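Peer 1: Sequence and predicted structure, then a few things I'm wondering about:
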Amino acid sequence: MSNSRTRVVVTGIGLITPVGNDAGSTWEALIAGRSGIGPITLFDTAAYECPIAGEVRDFDPAAFVDAKVLRRLDRSSVFALAGAQQALADAGIDMARENPKRVGVVRSEEHTSELQSR
């Protein structure tokens, strides 16, 4: 067993959040103390106790994903692809010049998996 260590370098950030659709606007909203919590608009909340949430707003998926591919993806997968594209751009990485086996993306998301109805 060798004593060599694997190095991990964070080189780019991409964010799709309720307060911004990129790292810059998200950071500005956080610094300004803006909340991304508001009325739910993506579905009818009449059957639920809580009609508010942190929704991603004003997001254009076509800016990140081809229309043909978009039809096959769920919303969170589109956010993941958009965030990964933003992170690569932020890092200045040109995948055509990189070994894809040496590049990785870490994805994190948070959402409520169970909603209680009235």
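Peer 2: Thanks, I have it.
Peer 1: Now do the same contact list for residue 11.
Peer 2: Residue 11 sits next to 87, 90, 91, 92, 93 when contact means C-beta atoms under 8 Å, 6 or more residues apart in numbering. Bear in mind the C-beta positions are built from the backbone N, C-alpha and C, glycine included.
Peer 1: er, residue 35 I mean
Peer 2: Each residue near residue 35 by C-beta under 8 Å, 6+ apart is listed here: residue 19.
Peer 1: on that earlier part again, of the contacts of residue 11, buried ones?
Peer 2: With burial judged by 16 or more other C-beta atoms under 10 Å, the buried subset of the contacts of residue 11 is 87, 90.
Peer 1: now the contacts of residue 11 as CSV including distance to residue 58?
Peer 2: Formatted as CSV, the contacts of residue 11 follow (distance: C-beta to C-beta, whole Å):
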residue, distance to residue 58
87, 20
90, 20
91, 25
92, 26
93, 26
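Peer 1: ok, which pair from the contacts of residue 11 is furthest apart?
Peer 2: Using C-beta to C-beta, the pair of those lying farthest apart is 87 and 92, separated by 10.7 Å.
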